[in-house]
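>>> Predicted model and sequence follow; I will ask about them next.
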Amino acid sequence: MQALPPPPPAVEAPAPERSVETLDQLRVAAALTDARVEVDSRFRGASIVLYGAVFNPTDDPTDVVVVVRGPDAPVRLVKKTRNLGVWLNSRPVLFEGAPGFYMTASTRPLSEIAGFGQLRRLGVGVDHLRINAPEESRTVTRYGVRDVVVSRLGEDYLDWRRAVIRLREAAALYNTDPDGVTFVDRGLFRAEVELPSVAPTGEYHAEVWLFRDGEPAGVSNLTLRVEKVGIERDIYEFAHRRPWTYGVLCVLLAGGIGYLSSRVFGRR
């Protein structure tokens, strides 16, 4: 029997190339398990895992803060006021720039990670959330931040702003978790993004901030899309493309159902 030829010599694969410039650089990288969430009639919410790694060439401790912001939507508020023993609605207040969804998750409370001014400049945290004031009158510099809006609401602006946040928190659309980011291994972390069933559709933006000594040391930006699918999407797009036609059809459909109901129950 003829002997088999000897196997070819082993060839060592070259080591993967790494950028020399980033070996000693403090930075953060992150990703989402799902970058697209489909919403239909059976949608009851979704839980998405955000995971990432901190590249820290030193032994200095760092903190990670995750901020997820949904598409902005107008919020119209009225307040009950008592006049001459009668409860009446106040003049409506419209906030045009309130995010439809907002959450923060961090390795520890935000106040322990960075100072008030730093968080305000970055807009990190519900207390520092940028919500467009109605009928902006002028801007000033406060807390070392330029162009702070002074609304026509005056001192009542903060009360109205808290009402917006309180309503969104009650609907589980705003959430703050000071222990929401956990390190599963050296440099590896994870956080969960919980979307309620009433989460608005559209494009969401996630920021993963890396802090060291109270200062931002890096950031990773991600995008998440929440969109309707199936018949719900078709109806939604039709209503936005042809609102007048959609409105007329809704009126006709409601009238037809009312007429049929009166005929059916009127015979009894």
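Thanks, I have it.
>>> can you give me the strands for the stretch 151-268 of the chain?
174-177, 182-185, 188-195, 202-212, 215-228 (DSSP state E, counting those that start in this stretch).
>>> would you say residue 131 is within a helix?
No: Residue 131: not assigned to a helix; according to DSSP: H, G, I helix; E, B strand; the rest coil it is coil.
>>> And it, how close does it get to residue 250?
32 Å (CB to CB, to the nearest Å). Every residue, glycine included, has its C-beta placed from N, CA and C.
>>> Mind checking which of these two has more residues around it?
Between residue 131 and residue 250, counted using other CB atoms under 10 Å, residue 131 has the larger neighbour count: 19 against 11.
>>> Does the more buried one touch residue 95 like I think?
Yes: the criterion here is CB atoms under 8 Å, and residue 131 meets it with residue 95 at 5.6 Å.
>>> Look up how far residue 224 lies from the closest residue to residue 101 other than its chain neighbours.
Ranked by CB to CB, 6 or more residues apart in numbering and with sequence neighbours excluded, the top spatial neighbour of residue 101 is residue 70, at 3.0 Å. Going from residue 70 to residue 224 by CB to CB gives 9 Å.
>>> who touches both of these two?
residue 204 (CB atoms under 8 Å, 6 or more residues apart in numbering).
>>> which residues does the residue nearest to residue 101 contact?
Contacts for residue 70 were tallied using CB under 8 Å, 6+ apart; they are 99, 100, 101, 102, 173, 199, 200, 202, 204, 226.
>>> got the end-to-end distance for stretch 42-50?
24 Å (CA to CA, to the nearest Å).
>>> now it: mean pLDDT?
Per-region confidence: stretch 42-50 scores 85 on mean pLDDT.
>>> List the buried residues for it?
Residues of stretch 42-50 classed as buried: 43, 46, 48, 50 (neighbour count, 16 or more other CB atoms under 10 Å).
>>> residues making contact with that stretch?
With CB under 8 Å, 6+ apart, stretch 42-50 has contacts from 30-34, 37, 66, 68, 190-197, 199, 206, 208, 222, 224.
>>> before we move on, back to that, out of the contacts of residue 70, who has the most neighbours?
Most surrounded of the contacts of residue 70: other CB under 10 Å gives residue 204, at 27 neighbours.
>>> one step back: among the contacts of residue 70, pick out the one closest to residue 217, please.
Residue 217 lies nearest to residue 102 out of these, by CB to CB, at 23.1 Å.
>>> Quick check: that closest one touching residue 168?
Yes: counting by CB under 8 Å, residue 102 touches residue 168, with 7.2 Å between them.
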